[in-house]
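Undergrad: For reference, the sequence and a predicted model appear below.
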Amino acid sequence: MTASDTAAAPGEASAGAPSDAPATGVRARTRRAILDAAVSVFSSNQAASLGEVAQAAQVGRSTLHRYFPERADLMRAVGAEALDRTRAAILAARLDDGSPVTALRRLVVEYFDLGPWYMLLFADPLLADDEAFWQESDTAEGPVRDLFERGQQDGVFDRSLTISWDQRTLWWTLFNAWSVVTEDCTSRSDALRMAVRSIEGVVLAPSSQPPAPSPASPTEKPRTA
């Protein structure tokens, strides 16, 4: 599966236009609204109907079906959009710019807002078992593996760990952070701070670890009998 597989709504290409031409203008905004609504609705209730998605997107059900005739079509489009956003996040993180440590921190920040999309993708049976989708996702993350390799070559990332371990640590920790936001009502800033600290605690070489914070002074006086 590629992102272009779901770029245009079925039956909406203008006469003479290629069938894989990307949607633009109103079509693009409508499509994006439907995808955002699908992530929001299905994240709360995986059994929700397409009618509920249409209502959340503020479009008619017939409009939604012109873009995505079946739920499977919609979920494949969600997957394609998630891959596009992943690639955009990697570009925004500028992984070749500056030290590997600062690049990794930028990546965690950029990846953090992908949480609702990947939480849904892992839970949805259609895409959770789609080997082609996850292979494309793995290919998209080539620059991330290059970052971990550069960090190890520079001696700032722990060389005793494999690149695969570093990459899995990144995702495991992000899923943990996303979960505490949704389940424990932890703020985004606190979850992001703990995610960065946890990832660095595993990935960084001992000599690159930030100093441990000093113990806080007690603020409560001991009670007297």
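TA: Arrived safely.

Undergrad: quick one, longest helix in this protein?
TA: Secondary structure of the chain read by DSSP state H shows that its longest helix is helix 71-93.

Undergrad: after it comes which helix or strand?
TA: Downstream of helix 71-93, the first helix or strand assigned by DSSP states H and E is helix 100-112.

Undergrad: where exactly do the strands run in the chain?
TA: With DSSP state E, there are no strands along the chain.

Undergrad: Give the ranges of residues in it that sit below the confidence cut-off.
TA: 1-24, 210-225 (pLDDT under 70).

Undergrad: and if we set it to 80?
TA: By pLDDT under 80, the low-scoring segments of the chain are 1-24, 128, 207-225.

Undergrad: Tell me the helices and strands packed up against the longest helix of the chain.
TA: Counting contacts by 3 or more CB pairs under 8 Å, 6 or more residues apart in numbering; DSSP states H and E, helix 71-93 packs against helix 25-44, helix 50-57, helix 100-112, helix 115-123, helix 125-128, helix 131-140. For the C-beta atoms, the positions are set from N, CA and C on the backbone; glycine is no exception.

Undergrad: And the ones you listed: which comes nearest residue 69?
TA: helix 50-57 (9.5 Å; CB to CB).

Undergrad: quick one: buried residues of that closest one?
TA: For helix 50-57, the neighbour count (16 or more other CB atoms under 10 Å) marks 50, 52, 53, 54, 55, 56, 57 as buried.

Undergrad: for these, which one is nearest residue 72?
TA: Among those, and counting by CB to CB, the member closest to residue 72 is residue 50, at 11.0 Å.
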